[in-house]
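Q: Below: sequence and its predicted model.
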Amino acid sequence: MQAVHIRRHLALFAIASSFGLGSQAAEQDLVGNTVLLGQSAPFSGPSSQVATEFNLGARTYFQSVNEAGGVNGRKIELRTKDDAYDPARTVQNTHDLIEKDGVLALFGYIGTSTTLAALPVLTAAQVPLFAPASGAAALREPFNRYVFNLRAGYAEEAEHIVEQLSVTNLTHIAVFHQSDAFGTAGMEAVAQAGRKRKLAMGTVATIARDSTDVAAPAKALLAAHPDAVVLVSSYASCAALIREMRKGGFKGQFVSLSYVGGKSLADELGSAGAGLQVSEVVPFPWAEASPIQREYAQAMRKAGVPTRSFHSMEGFIAAKTMTEALRRAGHALTRAKLISTLETMHDWDAGGYHVTFSPETHNGGHMVEMTMLGSDGRFLH
């Protein structure tokens, strides 16, 4: 129902835009010494570590660009606002970033519910949103010319997860998800992947978005005796559930979608997370096999950042891709020009991570691979 509600809002804003709403902002020549990007993200609340890591990776890349003289002679500034994972605050932040700060583009929004809430605002203003950290189908369909997705969608992650489980004969699958747009989108993606393989969805247990009270969902899941539990919630509630179910004697498999924040969950669990699998949508951040892995590692070391993570890698790749688009767009920057430039990036290689946008599709990346948490709290690749 929420997706339908969002589509209705988009239809209304599309009509408004056809009468000129936002066209002046879209065509404005944003000339100056700085390219200003805006990010609304939950720097406080249940997904704060995810937001902080993504932002850190992006800032690290932008810093390296600025130290080398910027892009086309301009420095890049990423202006941030905390929305505490509250959709209403995301909407207000989006208005402020567009109307008061005058950002060229929005960048790296974190979370499904929050990003979906901002969608009508940025669509009406014709301001591009680049690399939201969400795999929700509602950000991909129907097509929205102002949204550029860099990561694989939840449907692609769910396909990979369910395929991996089914080939190892773990066919009794349950889902634990938070009761919001992110949780629902992830749960539906897992259910769809299961139906394609004629696997019956087992118990579905929910939790409020900001809660870690897992007693009831853990009890329901333990009673169902699933082979595996797919996690679609924040890292704090997922960690609490894993501890509670292990304490209750559960010996099955836990698998999580990437949004949980693998490192965040590992930090919460320590050795108790051994065996947890997480689908990831970026290259393994602790390896240095590919050019993007080496570039990321070197930049983090140079910036004095002591830790690496999947989400800081995602932010780093997003910043690198945005910088390439800015370079191609040239000096006379407008939002409309940035959009059309992004749409020409076909099979661009970020260093082992390939990105393709076109006028017909803004789903740029499709990488998904599984990782596992070892007994020492580190991820195995």
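A: Sure thing, it's come through.
Q: what are the ranges of the helices in the stretch 1-150 of the chain?
A: Assigned by DSSP state H, counting those that start in this stretch, the helices in the stretch 1-150 of the chain fall at 2-18, 23-27, 48-67, 87-99, 112-125.
Q: and if you look at the stretch 201-350 of the chain?
A: Going by DSSP H, counting those that start in this stretch, the stretch 201-350 of the chain shows helices at 215-224, 235-247, 262-269, 291-302, 310-329, 335-342.
Q: Mind checking which residue lies nearest the centre of this structure?
A: Centroid-nearest residue in the chain, with Cα atoms, centre = their mean: residue 133, separated by 1.7 Å.
Q: Could you find the closest non-adjacent residue to that one?
A: Of all residues not flanking residue 133 in the chain, residue 110 sits nearest, at 4.7 Å (Cβ to Cβ, 6 or more residues apart in numbering). From N, CA and C alone the C-beta is placed, and that goes for glycine too.
Q: Show the contacting residues for the one you found.
A: Counting by Cβ atoms under 8 Å, 6 or more residues apart in numbering, residue 110 makes contact with 41, 42, 47, 50, 51, 54, 132, 133, 134.
Q: nearest to residue 294, of those residues?
A: residue 54 (20.3 Å; Cβ to Cβ).
Q: Test for you: state the pLDDT assigned to the nearest residue to the closest one once chain neighbours are set aside.
A: With sequence-adjacent residues excluded and distances taken as Cβ to Cβ, 6+ apart, residue 54 is closest to residue 315, at 3.9 Å. Residue 315 is assigned 98 on the pLDDT scale.
Q: And residue 315, how close does it get to residue 77?
A: Note on residue 315: its distance to residue 77, by Cβ to Cβ, to the nearest Å, is 15 Å.
Q: what does residue 342 give?
A: Using Cβ to Cβ, residue 342 is found at 19 Å from residue 77.
Q: Then residue 194?
A: In terms of Cβ to Cβ, residue 194 sits 45 Å off from residue 77.
Q: Tell me, domain by domain, which residues of the protein belong where.
A: 2-152+290-367, 154-280 (automatic domain parsing).
Q: what about residue 277, neighbour count?
A: Under the neighbour criterion other Cβ atoms under 10 Å, residue 277 is assigned a count of 22.
Q: what's the spatially closest residue to residue 128 that is not a sequence neighbour in contact with, if anything?
A: Distances taken as Cβ to Cβ, 6+ apart put residue 105 closest to residue 128, at 4.6 Å, once the chain neighbours are dropped. If a contact means Cβ under 8 Å, 6+ apart, then residue 105 has 37, 38, 127, 128, 129, 130, 322, 335, 338 as its contacts.
Q: partners of residue 105 in the sheet?
A: Beta-bridge pairing for residue 105 (DSSP bridges): residue 37.
Q: any low-confidence regions in the stretch 51-200 of the chain?
A: Under the criterion pLDDT under 70, no range of the stretch 51-200 of the chain is flagged.
Q: Relative to residue 115, how far out is residue 121?
A: 11 Å.
Q: Which one's more surrounded, the two?
A: residue 115 (28 against 23).
Q: Surely the more buried one touches residue 134?
A: Yes - contact criterion Cβ atoms under 8 Å: residue 115 and residue 134 qualify, at 5.3 Å.
Q: got any residues that touch both of these two?
A: residue 109.
Q: Next up, the contacts around residue 350.
A: Per Cβ under 8 Å, 6+ apart, neighbours of residue 350: 292, 317, 320, 321, 324.
Q: ugh, wrong one, residue 290
A: Residue 290 makes contacts with 283, 351, 352, 353, as judged by Cβ under 8 Å, 6+ apart.
Q: try 7 Å
A: 283, 351, 352 (Cβ atoms under 7 Å, 6 or more residues apart in numbering).
Q: now residue 330
A: residue 72.
Q: So for it, what's the pLDDT?
A: 93.
Q: Repeat that for residue 348.
A: pLDDT at residue 348 comes out at 98.
Q: same deal with the one 3 residues further on?
A: Listed pLDDT for residue 351 reads 97.
Q: Check the burial of it by counting its neighbours.
A: Neighbour tally, residue 351, other Cβ under 10 Å: 15.
Q: what's the helix or strand for it?
A: Assigned by DSSP states H and E, residue 351 falls within no helix or strand.
Q: Can you name the residues that contact it?
A: By Cβ under 7 Å, 6+ apart, the contact set of residue 351 is 290, 291, 292, 295.
Q: Output those as CSV; include the columns distance to residue 374 and pLDDT.
A: Below are the contacts of residue 351 laid out as CSV (distance: Cβ to Cβ, whole Å; pLDDT from 0 to 100):
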residue, distance to residue 374, pLDDT
290, 22, 97
291, 26, 98
292, 24, 98
295, 26, 98
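Q: before we move on, the earlier item: now the domains of the chain in CSV, with distance to residue 379?
A: Output for the domains of the chain, formatted as CSV (distance: least, Cβ to Cβ, whole Å):
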stretch, distance to residue 379
domain 2-152+290-367, 8
domain 154-280, 6
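Q: Identify whichever of those lies nearest to residue 377.
A: Comparing these by Cβ to Cβ, domain 154-280 comes nearest, at 5.2 Å.
Q: what's the span of that closest one from first residue to last?
A: Domain 154-280 has an end-to-end distance of 11 Å (criterion: Cα to Cα, to the nearest Å).
Q: Pull the distance from it to the chain's centre.
A: Computed by Cα atoms, centre = their mean, to the nearest Å, the chain-centroid distance of domain 154-280 equals 18 Å.
Q: same deal with stretch 310-327?
A: On Cα atoms, centre = their mean, the centre of stretch 310-327 falls 13 Å from that of its chain.
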